[in-house]
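Colleague: Sharing a sequence plus its predicted fold:
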Amino acid sequence: MTTTNGNHTGVGLLTDKIIFVTGASRGIGAAAARLFAAERAKVVLAARDTDALARIVADIRAFGGTADAVTVDLAESDSIIAAVNHVQQLHGRLDGAFNNGAMVQEPGPLDTTTVDDIQAQFRVNFLAHWTAMNAEVALMRHSGGGSIVNTSSIGSWRANPALPAYGAMKRALNSITETAAVTWAPEGIRINGIAPGGTATDMMLEWDKATPGVIDANNAATPMGRMAEPREIAEAAAWLLSDRASIVTGAILPVDGGAGAS
């Protein structure tokens, strides 16, 4: 099967797995939904933009894939729990989850970052993942295990003067990801994270518009000299969700064109 955003024919990496994807209406999440379906997973897409979700679901189904959508507001814990419950109603189980949804803060230094900025970042970029993981694990237990991937950021590993609240919450997400991996490993549930570098998404374009030169600076600081395509980030998540990564848990995998190593 070929995805609608590239000439990829899946090899069955995720065959018959039920996979839940947040932030699935655009960027990395949308690319992941299409890729996972091409790899023969049955995907459930979640985001606030119902129209965008409907288009992606239609695309996947048109190419023979299995996809459904559910609206979720990551700032509301009850909405996240309801979305995971919807997966149970559709399929009766959950094998994998890609907790990718996020929000970026208004770029600016630490002394202009407001309490509201920090609280918003906490709700969406940390608490939402904590809530999602607990709900996902509760469902995965019914089928004896599963795999979860959380989207962090290269900005979680270093000072992040332009996005201080965002960087702080992503660093906290790394910690809870590692803790979750240790906590749930005995139950056959693997928890990993990916840390993308600059990626050609709407979020990055919006940041570059607010702070001209961000993309050029990113490319100059990346040994491979370019941003990632969303699909390239999704490939890393697909592998971690697959049985081929069966011994991998507690990892925060850099997917950054070598930026973190330079």
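Modeller: Here it is on my side, so go on. All values derive from a computational prediction rather than experimental measurement.
Colleague: tally of neighbours for G257?
Modeller: By other Cβ atoms under 10 Å, 24 other residues sit near G257. The C-beta positions use only the backbone N, C-alpha and C, and glycine is treated the same way.
Colleague: Tell me which residues touch it, please.
Modeller: G197, G198, T222, P223, M224, G225, R226, M227, A228 (Cβ atoms under 8 Å, 6 or more residues apart in numbering).
Colleague: again, but for V104
Modeller: L163, Y166, M203, E206, W207.
Colleague: And these, which of them are buried?
Modeller: Applying 16 or more other Cβ atoms under 10 Å to these, the neighbour count classes L163, Y166, M203, W207 as buried.
Colleague: what's the first-to-last distance across stretch 178-197?
Modeller: 20 Å (Cα to Cα, to the nearest Å).
Colleague: and it, how far out from the chain's middle?
Modeller: 14 Å (Cα atoms, centre = their mean, to the nearest Å).
Colleague: Also stretch 212-226?
Modeller: In terms of Cα atoms, centre = their mean, the centre of stretch 212-226 is set 22 Å apart from its chain centre.
Colleague: what's the distance between A168 and G188?
Modeller: Shown here: A168 relative to G188, a distance of 32 Å by Cβ to Cβ, to the nearest Å.
Colleague: And for N99?
Modeller: N99 is 19 Å from G188, by Cβ to Cβ.
Colleague: More neighbours: the two, which one.
Modeller: Each of N99 and G188 has its neighbours counted (other Cβ under 10 Å); N99 has more, 29 against 14.
Colleague: Lowest pLDDT pick from the buried ones among the contacts of V104?
Modeller: pLDDT across the buried ones among the contacts of V104 is at its lowest for W207, which sits at 76.
Colleague: returning to that earlier point: okay, the contacts of V104 in CSV with secondary structure next?
Modeller: Shown next, in CSV, are the contacts of V104 (DSSP: H, G, I helix; E, B strand; the rest coil):
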residue, secondary structure
L163, coil
Y166, helix
M203, helix
E206, helix
W207, helix
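Colleague: which among these gets closest to A236?
Modeller: M203 (17.7 Å; Cβ to Cβ).
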